[in-house]
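Chemist: Okay, here's the prediction I keep looking at, along with the sequence it came from:
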Amino acid sequence: MADSRLRLLSFILVVIGIAVLFYLSQASPRTVLIHELSDEHIGMYVRTAGAVQLFSTNDGHVFVQLEDGHKTLKIVIFRDTAAKYPWLYDVRLGDTLSVSGKVQTYNGELEIVADAVE
């Protein structure tokens, strides 16, 4: 009787462990180079980095264009997220930024709506 309970408990813990590992693998951003991004990444949570080519702000929102030597990508950082990174407003052209966020399209172009910036 004790052996069957122990086996059942072990099985339950294995299933829970697999579920947790699966969740963690999905929650962590996948690192992707800017030039590798494509429509297949739409809706995915990714991390990328590049040199700042364009930088502007509007009503606290930050708009950045990053370049990786091959391709450029628009990054949108809404005011609530940008407020967590006050240094962000001092970024200069040529600086390197790493961003994590969701890949979306806007006016037919890929962009990342960032929720973390380094």
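Modeler: Thanks, I have the structure now. This is a predicted model, so every value here is computed, not measured.
Chemist: Skip the chain neighbours and tell me the closest residue to residue 115.
Modeler: Distance criterion Cβ to Cβ, 6 or more residues apart in numbering; nearest residue to residue 115, sequence neighbours excluded, is residue 101 at 5.0 Å. C-beta coordinates here come from the backbone N, C-alpha and C atoms, glycine included.
Chemist: Could you pull up the residues touching that neighbour?
Modeler: For residue 101, the residues meeting the contact criterion (Cβ atoms under 8 Å, 6 or more residues apart in numbering) are 29, 45-46, 75, 112-116.
Chemist: With respect to pLDDT, which of those ranks lowest?
Modeler: When these are compared on pLDDT, residue 29 comes out least confident, at 86.
Chemist: show me what contacts that residue?
Modeler: Contacts of residue 29 (Cβ under 8 Å, 6+ apart): 45-47, 100-101.
Chemist: Please apply the same query to residue 97.
Modeler: Taking Cβ under 8 Å, 6+ apart as the definition of contact, the neighbours of residue 97 are 49-50, 52, 64, 66, 75, 91, 117-118.
Chemist: Helix, strand, or coil at it?
Modeler: Here residue 97 takes the strand state, with states given by DSSP: H, G, I helix; E, B strand; the rest coil.
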